[in-house]
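In: Just the structure for this:
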Amino acid sequence: MTNEIKFSTVMKANEAIISRFNSIEQCKKANLGNRALNSTDIYNYDFDCNIQQVKRLEFDVLYYGLFFADRIAIFKMHSNEILSCFGYSDKQHKGNEGEGQFHLNRSSIDYHMQNHFVQWLTYEELYDLLSAL
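Out: Predicted structure coming up:
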């Protein structure tokens, strides 16, 4: 059985549309200190992160995680579940075949929490797990 592991950082959605008039201001605000989202705030702020380059024919189990500011959510999905994953698209890149992505955001987080959630980890716990490999 082969496993795939992917992570995405959860950040609050940008407050404004970036334009030529506010681009410098938006660059100053585009950092983890300003936009990192705590796990307890997933229903209070818009966010969008994705799990990408999912090549479902190349693994049996996908472990994916969300890096929140305070802790990490770990999820698990079997490769045969990916096509029915809420929001999955197999059109990540023009002309690609067998590769897709799905987004986690306020509208999809409940699906992932109810169907694929495994556990919460601290950053130290994840470091210890990965160091032991």
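In: At which residues are the strands of the protein located?
Out: Here the chain has its strands, by DSSP state E, at 3-9, 48-54, 61-67, 72-78, 100-105, 117-121.
In: Need those strands in TSV (columns: mean pLDDT, mean neighbour count and distance to Leu130).
Out: Every residue, glycine included, has its C-beta placed from N, CA and C. Formatted as TSV, the strands of the chain follow (pLDDT from 0 to 100; neighbours: other Cβ atoms under 10 Å; distance: least, Cβ to Cβ, whole Å):
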stretch	mean pLDDT	mean neighbour count	distance to Leu130
strand 3-9	94	15	9
strand 48-54	92	18	18
strand 61-67	97	19	11
strand 72-78	97	19	11
strand 100-105	93	20	21
strand 117-121	98	13	10
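In: got those as a markdown table, with distance to Gly87 columns?
Out: Below are the strands of the chain laid out as a markdown table (distance: least, Cβ to Cβ, whole Å):
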| stretch | distance to Gly87 |
| --- | --- |
| strand 3-9 | 13 |
| strand 48-54 | 9 |
| strand 61-67 | 13 |
| strand 72-78 | 13 |
| strand 100-105 | 5 |
| strand 117-121 | 16 |
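In: Out of those, flag the one nearest Phe21.
Out: strand 48-54 (23.6 Å; Cβ to Cβ).
In: returning to what we had before: closest one to Phe86 among the strands of the chain?
Out: Nearest to Phe86 among the strands of the chain is strand 100-105; the distance by Cβ to Cβ comes to 7.2 Å.
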